[in-house]
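here is the input, now give the coordinates:
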Amino acid sequence: MYPGVGRSIRPVTRLRILVVTVIVALVVAACGGSESAPTTSTTTTSTTTTTTPETTTTLPEIPLDLVPGNYDQFRVQPTACGAVAPEPLTPMEFDAPADMGLDPSTAIRATLSTSCGDLEVELDPGIAPETVNSFVFLSIESYFDGTVFHRVIPGFVAQGGDQTATGTGGPGYSIPDEFPPPGVGYERGTIAMANAGPGTTGSQFFIMVEDSGLPPQFTIFGRVVDGFDVLDRLQEVPLGISPTSPDPVASTPLETIYVNTVTIER
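As a prediction, the model looks like this:
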C-alpha cells in the first residue's frame, strides 16, 4: 500500500480520484507482495489549470541510475543531515519473534537514533500487543541498526524497517493485523506498520510526518513524543524517483537517512 501523490486535476474531481487511487494502490501492493504504507494524496501538484499560459518550475532531472533502489546503493550515497554513516546492517531473518513478556498496561519508551536526530517514541502494547512485541524483539536483536528510511513523502510519511531498502523486505515472518477502530486518526508523529494487504505485516513501519486521513488498515503501535523537529528535517532531504517505486512523485532519498540504532528502555 504505497502512498500515491495527487496529480494536477480539477478540484471538483480531486476527492473522487483520491479514493480510487487509495483502493487501486492497496490492491496492486497486495498482489505484488511488498510491504508499504497506504496510498493517499498530498497537497503537492505540478501545475494549476488557468485560462492564461501556465508557468511551471521543473526540478532538475536525476538520472535513474543515480537513484538508489536497494540497500547497497543507499550505502554509497552521502549521508543526510551532514551525519556520518553507521556500520552496515547485519542481515538476519527469524521464524517468529520471541515472547518479550510485555505488560499490556505499561507503555514502552524507545529511542530511534537517525541521521537527522533522535526520535523519542512511546510504544503501546495495550492497543497492539503482537506488533509491539515484534518491534521490541527486532530492536533488541539490532535488526533495525544500520537500516535506512527508503521512502519519504513530504507532508505524509517516512518509511523504513526494510533491510533490503527495496520496499519488499521483511524479517522472515508476519504478525497478526491489529488495525485501529474506525475514527482513529493517523496524526503527525503516529507510528504504524506498513503492509501489502491483510496478514502481511512484518518489520516495515512508517512515521506520519504530518496529519493524514488514512483508512484504518495499518496497525498503529506508537507515537513520537519528542523530536518533532527531526520529522521536519526528514522532509527536507532531497528526493528522486526510483524506477521501482509506485509513487508518482519523488520519494526516494538522495541522501541516505539511516536508523543508527533503536534503543528500548525497559
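
show me where the stretch 51-200 of the chain has its helices.
71-75, 129-140 (DSSP state H, counting those that start in this stretch).

so for Thr200, which of those helices sits nearest?
When those are compared by C-beta to C-beta, helix 129-140 sits nearest Thr200, at 13.0 Å. Just so you know, the C-beta spots here come from the backbone N, C-alpha and C atoms, and that holds for glycine as well.

and the closest one, what's buried?
129-139 (16 or more other C-beta atoms under 10 Å).

other residues contacting that helix?
Applying C-beta atoms under 8 Å, 6 or more residues apart in numbering, the external contacts of helix 129-140 come out as 97-100, 102, 104, 108, 110, 123-125, 144, 171, 175-176, 178, 193, 201, 203, 205, 219, 221-222, 262-264.

and the residue nearest to Ala85 when sequence neighbours are not counted, how many neighbours?
Nearest residue to Ala85 in three dimensions, chain neighbours excluded: Thr79, at 4.7 Å (C-beta to C-beta, 6 or more residues apart in numbering). A count of nearby residues for Thr79, using other C-beta atoms under 10 Å, gives 18.

could you do Val184 as well?
13.

so who does the nearest residue to it once chain neighbours are set aside touch?
Distances taken as C-beta to C-beta, 6+ apart place Pro216 nearest to Val184, at 6.0 Å, with adjacent residues excluded. Pro216 is in contact with 179-184, counting by C-beta under 8 Å, 6+ apart.

export the residues you listed to JSON lines and tack on pLDDT and distance to Ser115?
Shown next, in JSON lines, are the contacts of Pro216 (pLDDT from 0 to 100; distance: C-beta to C-beta, whole Å):
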{"residue": "Phe179", "pLDDT": "96", "distance to Ser115": "31"}
{"residue": "Pro180", "pLDDT": "94", "distance to Ser115": "30"}
{"residue": "Pro181", "pLDDT": "86", "distance to Ser115": "35"}
{"residue": "Pro182", "pLDDT": "82", "distance to Ser115": "36"}
{"residue": "Gly183", "pLDDT": "80", "distance to Ser115": "35"}
{"residue": "Val184", "pLDDT": "84", "distance to Ser115": "30"}
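
buried ones among these?
Counted by 16+ other C-beta under 10 Å, these give 179-180 as buried.

among the contacts of Pro216, which two are most distant?
Checking those with C-beta to C-beta, the most distant pair is Phe179 and Gly183, at 12.1 Å.

that older thread, which of the buried residues of helix 129-140 sits closest to Thr166?
For the buried residues of helix 129-140, the nearest to Thr166 is Leu138 (17.9 Å; C-beta to C-beta).
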